[in-house]
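J.: please work out how this folds:
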Amino acid sequence: ESHVLAGGDPVSLLDDIEREHDNIRAALGWSLSTGARELALRLAASLRPYWEVRGHLEEGRRWLAAVLDGPDTSPPELRAKAVGVSGTLAFHSGDLAAAEAYFSETLALFRQLGDADGIARGLSDLGTVAAAVGDLERAGELLEQSAGRFRELGERKRLAIALANLGHVAGQQSDFVTAASVTAEALAIQAELGDK
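T.: From the prediction side, this is the model:
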């Protein structure tokens, strides 16, 4: 997943982006007004960590909505990523219906592309939304599918996240044996990866 925080010190990079926020807004506005939608989509999608961590959720959602609302001529991989970012921002804004709609579209796009990692992420995202709305059975099914795919792909970091979420869902269902087992596996993977 490429974004503005790939590599380097995240805090310093976020501070740099904060200082350039007005210029970023100008670049996004210019891209939209001149019809450079693909450029606007790339920029908007890459800013997810900034908008999410620094609390610019609604602004990010507005920019992404403006970019995604135009003609759909961008590469499908880029659209899938941008729609997924829209889902993430909607989820963190508490707009679970919009998050589910965005994540469903993202999953459909990744399935069309045959993108195994994207499919696994889409299943995980939808499982997280299902858990948030209280549909624990569906959440468990989606998160199990996601974990299985991440396991096959060797994506240890994302596997750990899916397993931790699955453990939370199992705990809510009073299945404490499963909750303890998958959470312990998630913890072991995170320790192995040095994720403090």
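
J.: residue ranges in the protein under the pLDDT threshold?
T.: 1-9 (pLDDT under 70).

J.: show the contacting residues for the spatially most central residue of the chain.
T.: Nearest to the mean C-alpha position of the chain, by CA atoms, centre = their mean, lies residue 88 at 5.0 Å. Shown in contact with residue 88 (CB atoms under 8 Å, 6 or more residues apart in numbering): 48, 52, 99, 125. In short, each C-beta sits where N, CA and C put it, glycine included.

J.: ok, now which ones touch the last one?
T.: Listed by CB under 8 Å, 6+ apart, the contact partners of residue 125 are 84, 87-88, 91, 99, 103, 106-107.

J.: need the helices for the protein, in chain order.
T.: Using DSSP state H, the helices of the chain run over 10-19, 21-33, 37-46, 48-53, 57-68, 76-92, 96-113, 116-132, 136-153, 156-172, 176-193.

J.: export the last one as PDB, just CAs?
T.: When you say that, I think you mean helix 176-193. Provided in PDB are the C-alpha atoms of helix 176-193 (Å, rounded to 0.1, in the frame of the first residue of the first chain):
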ATOM      1  CA  PHE A 176     -13.500 -17.400  24.600                       C
ATOM      2  CA  VAL A 177     -11.500 -20.400  23.500                       C
ATOM      3  CA  THR A 178     -11.400 -19.000  19.900                       C
ATOM      4  CA  ALA A 179     -10.900 -15.500  21.100                       C
ATOM      5  CA  ALA A 180      -7.900 -16.500  23.200                       C
ATOM      6  CA  SER A 181      -6.400 -18.700  20.400                       C
ATOM      7  CA  VAL A 182      -6.600 -16.200  17.600                       C
ATOM      8  CA  THR A 183      -5.600 -13.200  19.800                       C
ATOM      9  CA  ALA A 184      -2.600 -15.200  21.000                       C
ATOM     10  CA  GLU A 185      -1.600 -15.900  17.400                       C
ATOM     11  CA  ALA A 186      -2.100 -12.200  16.500                       C
ATOM     12  CA  LEU A 187       0.100 -11.200  19.400                       C
ATOM     13  CA  ALA A 188       2.800 -13.700  18.500                       C
ATOM     14  CA  ILE A 189       2.900 -12.400  14.900                       C
ATOM     15  CA  GLN A 190       3.100  -8.800  16.100                       C
ATOM     16  CA  ALA A 191       5.900  -9.700  18.400                       C
ATOM     17  CA  GLU A 192       7.700 -11.500  15.600                       C
ATOM     18  CA  LEU A 193       7.300  -8.400  13.400                       C
END
